[in-house]
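# quick one, structure for this:
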Amino acid sequence: MRQFDELNATSLYCNNCGASMPVQQRLLLILPDGNLYEYYCSQCGSVVGDKKTKVNDASGIKLF
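Numbers count the residues shown, from 1 in each chain. Below you'll find the model as predicted:
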């Protein structure tokens, strides 16, 4: 289904906090084949996950 092509986490488990915490997504790297994002805990700031999006070419258009 197209509605699930791109999901963004709103909360993830943080080892430092010991609970599921709200997260913020930040762009880490712009790669030739996509973008790499990291999820940071809103409470302590530690990295709790990552996500890579794909693009079809150098134009930066996302594939759906």
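# please make it C-alpha for all contacts and neighbour counts, starting now.
Fine.
# and the longest strand belonging to the chain, which residues are buried?
The longest strand of the chain (DSSP state E) is strand 19-31. By 16 or more other Cα atoms under 10 Å, the buried positions in strand 19-31 come out as 21, 22, 23, 24, 25.
# in the lowest-mean-pLDDT helix or strand in the chain, which residues are buried?
Taking mean pLDDT, DSSP states H and E as the measure, the helix or strand of the chain with the lowest value is strand 47-54, at a mean of 93. Across strand 47-54, burial judged by 16+ other Cα under 10 Å covers 47, 48, 49, 51, 52, 54.
# surely the second one meets residue 10?
No - between residue 48 and residue 10 there is no contact, the gap being 11.6 Å when judged by Cα atoms under 8 Å.
# sorry, back to before: the very next helix or strand once past the longest strand of the chain - contacts with which helices or strands?
Proceeding N to C from strand 19-31, the next assigned helix or strand is strand 34-41, under DSSP states H and E. Using 3 or more Cα pairs under 8 Å, 6 or more residues apart in numbering; DSSP states H and E, the elements in contact with strand 34-41 are strand 19-31, strand 47-54.
# where in the protein is pLDDT low?
1-5, 56-64 (pLDDT under 70).
# rewinding a little: the longest strand of the chain: partners in the sheet, and parallel or antiparallel?
strand 11-14 (antiparallel), strand 34-41 (antiparallel) (DSSP bridges).
# quick check: angle from that strand to strand 47-54?
40 degrees (axes from the mean of the first three to the mean of the last three Cα atoms, to 10 degrees).
# what's the separation between residue 31 and residue 37?
11 Å (Cα to Cα, to the nearest Å).
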